[in-house]
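> I would like to see how this sequence folds:
(3 chains)
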Amino acid sequence: MARVVVDVMLKPEILDPQGQAVQRALPRLGFAGISDVRQGKRFELELDGPADEATLARIREAAETFLANTVIEDFTVRVEEEAK
Amino acid sequence: MTVRVGVVTFPGSLDDRDAQRAVRLAGAEPVALWHRDKDIHQVDAVVLPGGFSYGDYLRCGAISRFSPVMDTVIAQARDGMPVLGICNGFQVLCESHLLPGALTRNDSLHFVCRDQKLRIENAGTAWTSDYAQDQEITVPLKNGEGRFVADEHTLDALEAEGRVVARYLDVNPNGSYRDIAGISNAAGNVVGLMPHPEHAVEPLTGPGTEGLGFFTSILRKLVNA
Amino acid sequence: MSQKHLDTVSHAAETPDAEQPWAELGLKQDEYQRIRDILGRRPTGAELAMYSVMWSEHCSYKSSKVHLKQFGEKAPASDAMLVGIGENAGVVDVGQGYAVTFKVESHNHPSYIEPYQGAATGIGGIVRDILAMGARPVAVMDPLRFGAADHPDTKRVLPGVVAGIGGYGNCLGLPNIGGEIVFDPCYQGNPLVNALCVGVMKHEDIHLAKASGAGNQVILYGARTGGDGIGGVSVLASETFSDSGPAKRPAVQVGDPFQEKLLIECTLEVFAEKLVVGIQDLGGAGLSCATSELASAGSGGMRVELDRVPLRDATLSPEEILMSESQERMCAIVEPGKVARFLEICEKWDVIATVIGEVTDGERLEIFWHGEQVVDVPPRTVAHEGPTYQRPYARPDWQDELQADAPTAERLKRPVSGDELKAALLTLAAHPNQADKSWVTSQYDRYVLGNTVLAQPEDSGMIRIDEETNLGVAIATDGNGRYAKLDPYTGAQLALAEAYRNVAATGAKPLAVTDCLNFGSPEDPAVMWQFAEACRGLADACQVLGTPVTGGNVSLYNQTGETAIHPTPVVGVLGVIDDVNRRTPMAFAEEGQLIYLLGDTEDELGGSAWAQVAHDHLGGLPPKVDLERERLLGEILIAASRDGMIDAAHDLSDGGLAQALVESCLKGGRGARIVVPQGTDPFVLLFSESAGRAIVAVPRSEELRFTDMCGARGLPAARIGVVDGDSIEIQGHFSVALDELRTAHLETFPALLG
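Modelled structure (predicted):
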């Protein structure tokens, strides 16, 4: 059993209004020195079985077609940990 | 005396003019307050209006909560000044911890705009005293993140202390726990409400005038004070 | 592009033979040559970018211009017109010192690629157009068309589009008061996402997009510039998608409605303090468009330091900055003495503002990049004197055959028995095109700003514009691609007639028109014929009805492979009402009121909803248009509203009387008892779509006055029944309970979309 994490972020060239609003607010709250903020989504997928290559390929497919909108978003897939 | 009710404009506030109109139609004087000003010009009460302050980015109300004006509003609310947060204003009050719980994405995952029936569950707060206990009213509701959530202990306490101010009837439009549409703080001066009473103050432009009571309640309270 | 490879004006002059990607940028060989002739040298990369984007179909209207001219040439004399075609939007006088500006625009292709952002930025763009005229935007509407309701891709596109419109419009604080939702397989792969915005100002606040006064400063304000939709305007709007779907995926523009809300408040504040000489929004073609149009319309030239433009992506080249379609940006011309105050107001609203150049006394648009000149052009050649084409057009071979295939009783089996008629009515009311749309409209805020008097599903949206005097405006949009396919000339006129009727039905006087002309490829002579006919029909009809076209938009290349969408002219009509308290709603609300059918009903089923729903048939001729009758009907509806003679009115269009009764009864929660007049075929009475008709509910006390008025004016008015009970009963034929109807009408959308 394993946990796979899919991180979905807007592509670098796509405007991220949420990240910009957060970035503009940070200095007002006294958090200086942060030059950019981008906000994304994190999905934690708990698997019934092991995170083998075949499973990861399916998860990549799920990320590509469903979890991310690849018109505007990129994603990464990684195995986080073996569940205890 | 003329009662002066401040209406805060945050960047992205939308129903601020509507709240001002409701205050005026109730017979009080609306005073526009600006998010950057700590000074609230000695108003008698404050309305935090609906809208999408800061675009609802990060979390609804999370950025507005740190506005300079909120420093003053929070301090005076703790001293008993009446504050009504409507929709986004309710979200700001929860983020400010003047009210418990949080407002999350509607269970339908859609923004919903409808004429909503409510029951006034506590006609004893600063903002509901012109209603009869258990009076049923219809006012517009329009939100994407209006689902009130809190832990069981908090919900039980709100019920026990009569701090559920209004409850949804017929339809729970957003999945709020226990059909909660609005709550108050323990003292009853701070009320948060997801539906929009300021859009039910004229028969021409809303489903009726049953929202006006929130604004006449505060007027009566302050005049009698 | 790094600076050492910078293609400067002098470099271009020295390297006349350098290869340039004009074809990739969508230019034709002769167009590229024409640019060289204008400049007397090859263009620089930046100049090529500007010309290619400004000479695209989308920006230059090069295929449509010759036909659009009629809207000006045939425009009826109207005292109401303050600003006509050619500006960001037309402006109409509505009295009491108020002016109203409105316009409908398409965002079709972007909405197919990325439904949410495509639809969202469509709203953003049209709102900035209205704002740029000096007006406060007060409402939006969305005429939408999708493929078959049960097609899997419709389930991708529709929810995304609706969420995008709601997500942007709601966050902006503009009530969404109307529009249309139509399904037809012809829009599969080419959904139509049109957006209309209306704004209000005082006469003296009208602003125009022109740069004048040498030394005046050019200020870019709003969002930073990023790589959004670079080339989008020419690539997206001028090419046809391949059959396999969206193969091209240019950087999608992402809307930031919060930024736009700040832009609106900030802009209205600088207008109020009279700080602006001229203003232009940045939409398609971004800075290329704004700088060239401002300079072209003004008296002098303009000099711009492009490296001052605030960037979101520091690697952008000058060409890319000029072509970027980053949203939520505006460009203002400000006198030097007022710049400081302008910047102060921007700062108040957290809006980034930068002086990027100034108006010059020359005649050139000159753009510099770190001191080196990359553009030196006569601005008119970019903005207003692009190529125009007389595209060949020809009535297609199949038109005769299509028109000959009339839905006669012999050709299409018609319901006869009471049970058959009832089933037909229920099926129609449940069809996605006629079904209740609240699954969609409940995702839109219709209350914000507190001035919405009528909103969907009413015949038109109505907004109060003065709280003291109760002056208001009403707007309706309509279009029927099926009618236009059968006869584009008549189809365009029917679209206008219906919108006109819808405005009048609410009690408002129609004043002016905006249109969004959605068609296939202009390179197909058959499509071009449809376009030419629709323009001619609309211009002729506007002349008769006295409602000038004030502006609008053309969307071409709406086709997949060889197959074009139905020609779909969408027409918006704006009307004025002196007291919104006397508006006429559509609901039958009072028991016992008399139902009158106004107008003549003939056997006209060509292109009808019934033919589509019952037989999937499209053929014959659309209903006839009688514009004088439409005008008379409008006058009667307005007079009846003014004199309190009617309590409800509803226009008859798709689905005819049957559908109108369903809607008025369900809205009011009251039934109707209808008597079919002697000698009338109940099927024709219920389902014909003859134009120039409406139903009204008349209080008994007003009946005589009302019928006298209709009689005196020569408008046929037949008493067909009474508001009564909790069913629709067609006496002697069938009765259907409102509960059953409601279920059929309301459950379609939730069942389709969840």
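> what about the closest residue to chain C within chain B, distance to C:Pro110?
Chain B approaches chain C most closely through B:Gly55 (2.9 Å), counting by CB to the nearest CB. Every C-beta, even on glycine, is put in place using the N, C-alpha and C of the backbone. Taking CB to CB, to the nearest Å as the measure, B:Gly55 and C:Pro110 are separated by 21 Å.
> the more surrounded of these two?
C:Pro110 (26 against 23; other CB atoms under 10 Å in any protein chain shown).
> center of chain C - which residue?
Residue closest to the average C-alpha location in chain C (CA atoms, centre = their mean): C:Val104, at 2.7 Å.
> now do the same contact list for that residue.
C:126, C:141, C:143, C:194-196, C:477, C:514-516, C:552-553, C:570, C:572 (CB atoms under 8 Å, 6 or more residues apart in numbering or on different chains).
> equivalent analysis for C:Ala717, please.
Contacts of C:Ala717 (CB under 8 Å, 6+ apart): C:596-598, C:706-707, C:710-711.
> identify the residue nearest it in space, chain neighbours excluded?
Nearest residue to C:Ala717, sequence neighbours excluded (CB to CB, 6 or more residues apart in numbering or on different chains): C:Cys710, at 3.9 Å.
> burial check on the one you found, number of neighbours?
For C:Cys710, using other CB under 10 Å, the count is 22.
> can you tell me the SS state at the single nearest residue of chain C relative to chain B?
Ranked by CB to the nearest CB, the top residue of chain C for proximity to chain B is C:Phe258, at 2.9 Å. Secondary structure, DSSP: H, G, I helix; E, B strand; the rest coil: C:Phe258 is helix.
> pLDDT on stretch C:73-92, on average?
Here stretch C:73-92 scores 84 as its mean pLDDT.
> er, stretch B:188-205 actually
pLDDT averaged over stretch B:188-205 gives 97.
> and it, how far apart are its ends?
With CA to CA, to the nearest Å as the measure, the ends of stretch B:188-205 fall 30 Å from one another.
> what about that stretch, distance to the chain center?
7 Å (CA atoms, centre = their mean, to the nearest Å).
> same question, stretch C:68-76
Relative to its chain's centre, stretch C:68-76 lies at 19 Å (CA atoms, centre = their mean).
> buried residues in that stretch, which are they?
Under the neighbour-count criterion of 16 or more other CB atoms under 10 Å in any protein chain shown, stretch C:68-76 has C:68, C:70-71, C:74-75 buried.
> do stretch C:273-292 as well
Here stretch C:273-292 shows C:275-292 as buried, counting by 16+ other CB under 10 Å.
> quick one on the thing from earlier: just the buried members of the contacts of C:Ala717?
The buried subset of these - by 16+ other CB under 10 Å - is C:596-598, C:706-707, C:710.
> go through those residues and flag which are in helices.
C:706-707, C:710 (DSSP state H).
> kindly reformat those as CSV containing pLDDT and distance to A:Glu64.
Shown next, in CSV, are those (pLDDT from 0 to 100; distance: CB to CB, whole Å):
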residue, pLDDT, distance to A:Glu64
C:Phe706, 98, 64
C:Thr707, 98, 67
C:Cys710, 98, 64
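> need the residues of the stretch 501-650 of chain C near chain B, please.
C:580-581 (CB under 8 Å from any CB of the partner chain).
> all strands of chain B, in order?
Along chain B, counting by DSSP state E, strands occupy B:4-9, B:29-34, B:45-48, B:83-86, B:102-104, B:112-120, B:136-143, B:147-149, B:164-168, B:180-184, B:190-193.
> most neighbours per residue, which of those strands?
Per residue and on average, the most neighbours among those fall to strand B:83-86, with a mean of 30 (mean count of other CB atoms under 10 Å in any protein chain shown).
> can you give me how far whatever helix or strand C:Val576 lives in is from the chain middle?
Using DSSP states H and E, C:Val576 falls within strand C:568-577. Counting by CA atoms, centre = their mean, strand C:568-577 is centred 9 Å from the centre of its parent chain.
> ok, now stretch C:691-710?
32 Å.
> how about low-confidence regions in chain A?
A:82-84 (pLDDT under 70).
> what is the burial count for C:Thr408?
C:Thr408, neighbours per other CB under 10 Å, totals 12.
> ok, now how distant is it from chain A?
48 Å (CB to the nearest CB, to the nearest Å).
> can I assume that residue sits in a strand?
No: going by three-state DSSP, the assignment for C:Thr408 is coil, not a strand.
> who's in contact with it?
Applying CB under 8 Å, 6+ apart, no residues contact C:Thr408.
> please enumerate the helices of chain B.
Using DSSP H, helices in chain B cover B:16-26, B:68-78, B:88-95, B:152-160, B:212-224.
> ditto for the stretch 501-650 of chain C
Counting by DSSP state H, counting those that start in this stretch, one finds helices in the stretch 501-650 of chain C at the ranges C:525-545, C:609-615, C:627-642.
> out of the helices of chain B, which gets nearest to chain A?
helix B:68-78 (9.1 Å).
> could you dump the strands of chain B into TSV with distance to chain C added?
Formatted as TSV, those follow (distance: least, CB to the nearest CB, whole Å):
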stretch	distance to chain C
strand B:4-9	9
strand B:29-34	9
strand B:45-48	14
strand B:83-86	12
strand B:102-104	16
strand B:112-120	5
strand B:136-143	5
strand B:147-149	16
strand B:164-168	15
strand B:180-184	16
strand B:190-193	15
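> now those in CSV, with distance to C:Glu467?
Output for the strands of chain B, formatted as CSV (distance: least, CB to CB, whole Å):
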stretch, distance to C:Glu467
strand B:4-9, 17
strand B:29-34, 14
strand B:45-48, 19
strand B:83-86, 20
strand B:102-104, 31
strand B:112-120, 22
strand B:136-143, 18
strand B:147-149, 33
strand B:164-168, 28
strand B:180-184, 28
strand B:190-193, 24
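> picking that back up, among the contacts of C:Val104, which lie within strands?
Filtering the contacts of C:Val104 for strands - DSSP E - leaves C:141, C:143, C:194-196, C:477, C:514-516, C:552-553, C:570, C:572.
> what would those residues look like in CSV with pLDDT, distance to C:Tyr187 and neighbour count?
Supplementary listing: the ones in strands among the contacts of C:Val104 in CSV, determined by pLDDT from 0 to 100; distance: CB to CB, whole Å; neighbours: other CB atoms under 10 Å in any protein chain shown:
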residue, pLDDT, distance to C:Tyr187, neighbour count
C:Met141, 98, 19, 29
C:Pro143, 98, 12, 25
C:Asn194, 98, 12, 30
C:Ala195, 98, 16, 32
C:Leu196, 98, 18, 29
C:Thr477, 98, 16, 26
C:Thr514, 97, 21, 29
C:Asp515, 97, 18, 31
C:Cys516, 98, 14, 25
C:Gly552, 92, 19, 27
C:Asn553, 94, 17, 22
C:Val570, 98, 12, 31
C:Gly572, 98, 19, 31
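> what sits opposite C:Val91 in the beta ladder?
With DSSP bridges as the criterion, C:Val91 is bridged to C:Val83, C:Thr101.
> thought C:Met133 was touching it, still the case?
Yes: the pair C:Val91 and C:Met133 qualifies as a contact (CB atoms under 8 Å) at a distance of 6.1 Å.
> list residues touching both of the two?
Joint contacts of C:Val91 and C:Met133 (CB under 8 Å, 6+ apart) are C:83, C:101, C:206.
> now the longest helix seen in chain A: buried residues?
Secondary structure of chain A per DSSP H: the longest helix is helix A:17-28. In terms of neighbour count (16+ other CB under 10 Å), helix A:17-28 has its buried residues at A:17-23, A:25.
> tell me the contacts of C:Ala132?
C:88, C:207, C:209, C:279-281, C:330.
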